[in-house]
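K.L.:
pasting the structure only:
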């Protein structure tokens, strides 16, 4: 990796000669490696390092990750009706599992916030009066 990032001198630096030394001088080593990595973008390094057999991957933002071609190709994203009737679709994640070669998607839109609160509390044994008291106190 040192050669790939243009920091060959790190290979003979006595501070980093042995694993214990690299641990002792961890912060210095990090700064040196980061100086080399600053010369290119994360995407460029991902390709260079991966091509050389060095495990490497960029940390992606959520929008970047959701925009990956792979997710589209696998049918991982699904459009469903907005649960409150808004006149626009809602994009949700499906399952990574495919059934008979087809992506498994949601059958219904997701519930609205709190939509099933009363049902769940009733299943837990709370009565209508107790649920109303919790609601009045702001607990639900």
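P.N.:
Yep, that arrived. Nothing here was measured: the structure is a model prediction, and the numbers come from that model.

K.L.:
Can you get me the start-to-end distance on stretch 53-60?
P.N.:
21 Å (CA to CA, to the nearest Å).

K.L.:
how far does it sit from the chain's center?
P.N.:
Centroid separation for stretch 53-60 versus its chain: 14 Å, with CA atoms, centre = their mean, to the nearest Å.

K.L.:
buried residues in it?
P.N.:
Buried residues in stretch 53-60, counted by 16 or more other CB atoms under 10 Å: residue 56. To be clear about C-beta, it is placed using only N, CA and C from the backbone, and glycine gets the same treatment.

K.L.:
Just the mean pLDDT for it, thanks.
P.N.:
Taken as a whole, stretch 53-60 has a mean pLDDT of 93.

K.L.:
again, but for stretch 106-120
P.N.:
Mean predicted confidence for stretch 106-120 is 90.

K.L.:
Just give the number of residues close to the closest residue to residue 88 other than its chain neighbours.
P.N.:
Nearest residue to residue 88, sequence neighbours excluded (CB to CB, 6 or more residues apart in numbering): residue 82, at 6.0 Å. The local packing of residue 82 (other CB atoms under 10 Å) involves 14 other residues.

K.L.:
ok now do residue 82, which residues does it touch?
P.N.:
Residues in contact with residue 82 (CB atoms under 8 Å, 6 or more residues apart in numbering) are 88-90, 109.

K.L.:
do you know how far the residue nearest to residue 108 when sequence neighbours are not counted is from residue 89?
P.N.:
Nearest non-adjacent residue to residue 108, counting by CB to CB, 6+ apart: residue 80, 7.3 Å away. Distance, residue 80 to residue 89, by CB to CB, to the nearest Å: 7 Å.

K.L.:
between those two, who's got more neighbours?
P.N.:
Under the criterion of other CB under 10 Å, the comparison of residue 80 against residue 89 puts residue 80 first, with 15 against 12.
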